[in-house]
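Colleague: Sequence first, predicted model second:
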Amino acid sequence: MDPILDKARTGQNVLEQIVNAIPGFSGYRERERRRDADRLQREYLATRLDDCKRSLNDAASAAARRGALDAINDIETARKRLDRVANRIRFADRGYSGFFDAVKIDESTLARVYSFDLGLLEGVDAARTAAQASLAAADPRAAMGTLVASLDALDASLADREAMLAGVK
């Protein structure tokens with residue numbers, strides 16, 4: 001179900017297994033494993049989005065060769081949006097809460113956030129598909145509109161994630 005988290009759980013050495021026998025410590029370690037698995041998942045998603053830049057660079061080169069200079073502005077807008085969304089994914093809150101924080105992040109919330117981040121893969125794949133389609137598009141401006149729309153949807157999902165961690169949603 002949670003491939004990265006399951007791998008982190010099964011990869012424990014003997015010392016970690018002994019330490020987990022200490023009362024209260026295993027829950028702490030489980031939250032840390034969940035946060036680490038979530039960070040790895042988000043880094044993977046951000047890297048997949050970063051790979052789309054090559055498609056945008058190729059589309060910009062093709063537009064310049066065709067003399068479609070008005071499309072280059074749309075491509076640059078899509079590239080900036082792509083960078084912003086990739087960085088929001090990469091540097092998103094890991095779900096820590098301080099001792100005196102008003103909103104406490106418990107394990108069930110961390111589980112929801114991790115599941116939510118696994119669901120972001122669909123949005124990332126939609127953006128990658130739109131970026132690849134921009135290479136073959138007869139109208140690169142329309143293709144960039146599709147890409148920007150998919151990135152905006154992904155950005156809205158990230159806002160929902162932040163609301164979930166803030167205890168609003």
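Modeller: On my side now, so go ahead.
Colleague: pLDDT below threshold where in this structure?
Modeller: In the predicted model, the chain carries pLDDT under 70 at residues 1-28, 95-105, 168-169.
Colleague: measure residue 133 to residue 139 for me?
Modeller: Remark: distance between residue 133 and residue 139 (C-beta to C-beta, to the nearest Å) = 11 Å. (Each C-beta comes from the backbone N, C-alpha and C, glycine too.)
Colleague: When those two are compared, which one has more neighbours?
Modeller: In this view residue 133 and residue 139 are compared by other C-beta atoms under 10 Å, and residue 133 has more residues nearby, 16 against 11.
Colleague: how about the nearest residue to the more buried one, chain neighbours excluded?
Modeller: Take residue 133 and drop its neighbours on the chain: the residue closest to it by C-beta to C-beta, 6 or more residues apart in numbering is residue 143, 5.7 Å away.
Colleague: With residue 126 instead?
Modeller: residue 150 (4.5 Å).
Colleague: What residues does that neighbour make contact with?
Modeller: Applying C-beta atoms under 8 Å, 6 or more residues apart in numbering to residue 150 gives the contacts 123, 126, 127, 130.
Colleague: Equivalent analysis for residue 84, please.
Modeller: Neighbours of residue 84 in contact, by C-beta under 8 Å, 6+ apart: residue 155.
Colleague: can you check residue 58 too?
Modeller: Contacts of residue 58 (C-beta under 8 Å, 6+ apart): residue 135.
Colleague: go on, residue 52?
Modeller: Contacts of residue 52 by C-beta under 8 Å, 6+ apart are 82, 127, 128, 131.
Colleague: cutoff 6 Å now
Modeller: 82, 128, 131 (C-beta atoms under 6 Å, 6 or more residues apart in numbering).
Colleague: element containing it, please.
Modeller: Using DSSP states H and E, the element containing residue 52 is helix 25-66.
Colleague: Skip ahead from that helix and say which helix or strand is next.
Modeller: helix 69-90.
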